[in-house]
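*Asks:* When you get a sec, could you give me coordinates for this:
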Amino acid sequence: MPEKRFDLKERTLNLSKSVIDLCKDNKKDLISKILISQVIRSSSSIGANYREADNAQTKKEFIYRINICRKEAVETMYWLELIEYVQVDIEIEKLIQACKELSLIFVAIIKKAKLVIKT
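*Replies:* Now for the predicted structure:
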């Protein structure tokens with residue numbers, strides 16, 4: 001049985017697309033507009049920084065970019081939780097879970113990369 005491979009480029013892109021789809025369908029009052037702007041920025045930054053990390057020229061640069069990915073995933077969870085608070089009629093849990101999973105993946109990548117540097 002072939003090993004299951006997780007394509008983080010695809011996964012981060014799909015998260016951004018899902019956040020955009022969620023935001024397109026939500027009400028557009030002043031508070032929601034601000035939250036939507038923030039969540040789109042942070043969610044799309046995850047994928048953008050992952051692609052930067054994938055093209056890093058040094059291990060240090062790679063770790064730096066992956067750490068930004070982790071921080072942006074955590075920030076995206078924050079904005080999603082606020083959107084869920086403001087618009088209680090929408091289901092965001094799957095997106096929050098996707099951010100949690102990505103954050104854990106990025107932590108594991110950082111730990112592994114730091115081990116490689118030490119050896």
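*Asks:* Next, name the residue at the spatial heart of the protein.
*Replies:* The structure's the chain has its C-alpha centroid closest to Ala73; by CA atoms, centre = their mean the separation is 3.6 Å.
*Asks:* That one against Leu95, yeah?
*Replies:* No. The pair Ala73 / Leu95 is not scored as a contact, 10.9 Å apart, by CB atoms under 8 Å. Glycine gets a C-beta too; all of them are placed from N, C-alpha and C.
*Asks:* Tell me how far the residue nearest to the centre of the chain lies from Ile31.
*Replies:* 23 Å (CB to CB, to the nearest Å).
*Asks:* ok, longest helix in this protein?
*Replies:* As assigned by DSSP state H, the longest helix anywhere in the chain is helix 59-86.
*Asks:* what packs against the following helix or strand past it?
*Replies:* Using DSSP states H and E, the helix or strand that follows helix 59-86 towards the C-terminus is helix 93-118. With contacts taken as 3 or more CB pairs under 8 Å, 6 or more residues apart in numbering; DSSP states H and E, helix 93-118 sits against helix 8-24, helix 59-86.
*Asks:* Tell me which of those approaches Ser44 most closely.
*Replies:* Of all these, helix 8-24 sits nearest to Ser44, with 4.6 Å by CB to CB.
*Asks:* Run a quick neighbour tally on the residue nearest to Val74 when sequence neighbours are not counted.
*Replies:* Distance criterion CB to CB, 6 or more residues apart in numbering; nearest residue to Val74, sequence neighbours excluded, is Ser103 at 5.7 Å. Neighbour count of Ser103, defined by other CB atoms under 10 Å: 19.
*Asks:* any idea how far the helix or strand that contains Arg51 is from the chain center?
*Replies:* Taking DSSP H and E as the criterion, Arg51 maps to helix 30-54. Distance of helix 30-54 from the chain centroid (CA atoms, centre = their mean, to the nearest Å) equals 8 Å.
*Asks:* elements contacting that helix?
*Replies:* Secondary-structure packing of helix 30-54 (3+ CB pairs under 8 Å, 6+ apart): helix 8-24, helix 59-86.
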